[in-house]
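Novice: Requesting a structural model of the entry that follows:
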Amino acid sequence: MHTATISFDPFNKLSDDACQERIRAARAKLGKRAVILGHHYQRADVYQHADLTGDSLKLSKLAAQTDAEYVIFCGVHFMAEVADIMTAPNQIAILPDLAAGCSMADMANLAKVERCWRELASVIDVDNEVTPVTYINSAADLKAFCGEHGGIVCTSSNAGTIAKWAFAQRPKVLFFPDQHLGRWTGHQMGFPMDEMVVWDPDLEMGGLTVDQVKKAKILLWKGHCSVHQMFQKSHIDAFRAKYPEGKVIAHPECNFEVCAASDYVGSTEHIVKTIKEAPAGTRWLVGTELNLVERLAKEVLPQDKIVQFMATTVCMCSTMQRIDPQHLAWTLENLVEGKVVNQIKVPAHEVRFARLALDRMLAIS
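Specialist: Numbering: from 1, shown residues only. A predicted model of the protein is given here:
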């Protein structure tokens, strides 16, 4: 049955506590027909309702293993797209608030990437010389672009493995949208800085000379994460001066200086695992999103582990914050009434090539 959509307006006025009750009631009515996915960066009042938690790719893989009719992604837009691509055709991916985007993902779009490809083609044999690699934090049409052009998707966990595969195909890599993950990955592989150049999509030929393009091994898209760019090497220096025995761990979306000054660099899953497995009584400075750091700090406190947030200012994923108890309650109550709201549906022609790029990644990692 399909009834009229329940308007969101009344939910805006609901207190968080009232929403929590309504979320639990709607969940009980839906049962196993719905699965709620909670990303690591999700706010605590929403994260508590998640059936499955983790990073974006892990969540989509887990959702694909369920029989749930509705896959409700408490994350951001590109994550819900990946869930739609990876789940069965009869499973419906939903994003509780369509305004939950990703500023990094928005820094590369299909029109700009296609123009970059054309400009590269004017000076090199792009189809035989360049493997396009997109970070999973990107729109579905960019994953499809990579699939169609012999390229691949990577995550912050497997970027090194993927880069090795990419270089085995062709001598150069075009990496988008996050320059910092691309640069750190290249550095780990031994590439000097002058062979990793930044492509500025707002400038002709990316702001590069023909010689720079020809010499480059990695073309780094000028994009970044607005949260991870807030962390600075000065934060690490101050921590080490105060706690010489302390350990520093950072996400590879941080700038190069922060990664180079850290003891460990890795994905959200790697950060969580490393700190949970560390000896009792250790102290950590963590360079990633605030919700994850605060949750982790509470979890490991009983083992006398101290976890500190790297920045001196509050850095949280503001777009993911838009998935709030009000939107989750609204989404679930509509499903109870037989109405799907905010479905994320990737067009079939994009699914085909995006799935190809994702499958290449899954096959080698």
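Novice: ranges for the strands of the stretch 151-300 of the chain?
Specialist: Taking DSSP state E, counting those that start in this stretch, the strands of the stretch 151-300 of the chain run over residues 152-154, 172-176, 196-199, 218-221, 247-250, 264-265, 283-287.
Novice: Can you give the contact residues for the second one?
Specialist: So the one you mean is strand 172-176. Strand 172-176 is contacted by residues 108, 113, 116-117, 120, 124, 129-135, 138, 142, 151, 163, 166-167, 181-182, 185, 199, 216-221, 223 when judged by C-beta atoms under 8 Å, 6 or more residues apart in numbering. Using the backbone N, CA and C atoms, a C-beta is placed for each residue, glycine as well.
Novice: same question, the shortest one
Specialist: Residues outside strand 264-265 that contact it (C-beta under 8 Å, 6+ apart): 184, 247-252, 254, 259, 270-271, 274.
Novice: Can you tell me which of those are buried?
Specialist: Taking 16 or more other C-beta atoms under 10 Å as the criterion, what is buried in the contacts of strand 264-265 is 184, 247-252, 254, 259, 270-271, 274.
Novice: so can I have JSON lines of these showing distance to residue 87?
Specialist: Shown next, in JSON lines, are these (distance: C-beta to C-beta, whole Å):
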{"residue": "184", "distance to residue 87": "31"}
{"residue": "247", "distance to residue 87": "38"}
{"residue": "248", "distance to residue 87": "37"}
{"residue": "249", "distance to residue 87": "32"}
{"residue": "250", "distance to residue 87": "32"}
{"residue": "251", "distance to residue 87": "27"}
{"residue": "252", "distance to residue 87": "27"}
{"residue": "254", "distance to residue 87": "31"}
{"residue": "259", "distance to residue 87": "33"}
{"residue": "270", "distance to residue 87": "25"}
{"residue": "271", "distance to residue 87": "27"}
{"residue": "274", "distance to residue 87": "30"}
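Novice: Just the closest of these to residue 321, please.
Specialist: residue 251 (18.2 Å; C-beta to C-beta).
Novice: give the contact list for the nearest residue to the closest one once chain neighbours are set aside.
Specialist: Nearest residue to residue 251 in three dimensions, chain neighbours excluded: residue 288, at 4.3 Å (C-beta to C-beta, 6 or more residues apart in numbering). The neighbours of residue 288, taking C-beta under 8 Å, 6+ apart as the test, are 227-228, 250-251, 268, 271.
Novice: Recalculate using a threshold of 10 Å.
Specialist: Neighbouring residues of residue 288 by C-beta atoms under 10 Å, 6 or more residues apart in numbering: 40-41, 156, 225, 227-228, 231, 249-254, 266-268, 271-272, 296, 309-310, 315, 317.
Novice: So for residue 2, what pLDDT did the model give?
Specialist: Per-residue confidence (pLDDT) for residue 2: 49.
Novice: Which parts of the stretch 201-350 of the chain are helices?
Specialist: Ranges of helices within the stretch 201-350 of the chain are 210-215, 233-242, 256-261, 268-277, 290-300, 325-336, 348-364, based on DSSP state H, counting those that start in this stretch.
Novice: Which helix or strand in this protein has the lowest average pLDDT?
Specialist: Taking mean pLDDT, DSSP states H and E as the measure, the chain has helix 103-106 as its least confident helix or strand, at a mean of 86.
Novice: If we go by neighbour counts, what in that helix is buried?
Specialist: 103-105.
Novice: Pick the one among those residues closest to residue 190.
Specialist: Nearest to residue 190 out of the buried residues of helix 103-106 is residue 104 (C-beta to C-beta; 25.9 Å).
Novice: Correct me if wrong: that closest one contacts residue 227.
Specialist: Yes. With contact defined as C-beta atoms under 10 Å, residue 104 counts as touching residue 227 (9.0 Å).
Novice: what touches both of those two?
Specialist: Common neighbours of residue 104 and residue 227 (C-beta under 10 Å, 6+ apart) are 253, 319.
Novice: quick one: contacts for the most centrally placed residue in the chain?
Specialist: Among the residues of the chain, the one closest to the centroid is residue 137, at 4.3 Å (C-alpha atoms, centre = their mean). If a contact means C-beta under 10 Å, 6+ apart, then residue 137 has 56, 76, 78-79, 82, 102-105, 107-108, 153-156, 176-178, 181, 223, 225, 253 as its contacts.
Novice: Quick one: neighbours of residue 169, just the number.
Specialist: 14 (other C-beta atoms under 10 Å).
Novice: Specify which residues of this protein, grouped into ranges, have pLDDT under the cut-off.
Specialist: Along the chain, segments meeting pLDDT under 70 span 1-3, 314-316, 318.
Novice: can you rerun that using 90?
Specialist: The chain contains residues with pLDDT under 90 at 1-5, 40-44, 54-58, 101-106, 225-227, 289, 291, 312-322, 365.
Novice: how much space between the closest residue to residue 126 other than its chain neighbours and residue 326?
Specialist: Nearest-residue entry for residue 126: residue 120, 4.5 Å, with adjacent residues in sequence omitted and distances by C-beta to C-beta, 6+ apart. Separation of residue 120 from residue 326 (C-beta to C-beta, to the nearest Å): 46 Å.
Novice: what does residue 228 give?
Specialist: In terms of C-beta to C-beta, residue 228 sits 28 Å off from residue 326.
Novice: cool, and residue 104?
Specialist: 26 Å.
Novice: And for residue 151?
Specialist: 39 Å.
Novice: Which of these two has more residues huddled nearby?
Specialist: Taking other C-beta under 10 Å, residue 151 and residue 326 do not tie; residue 151 has more neighbours (27 against 23).
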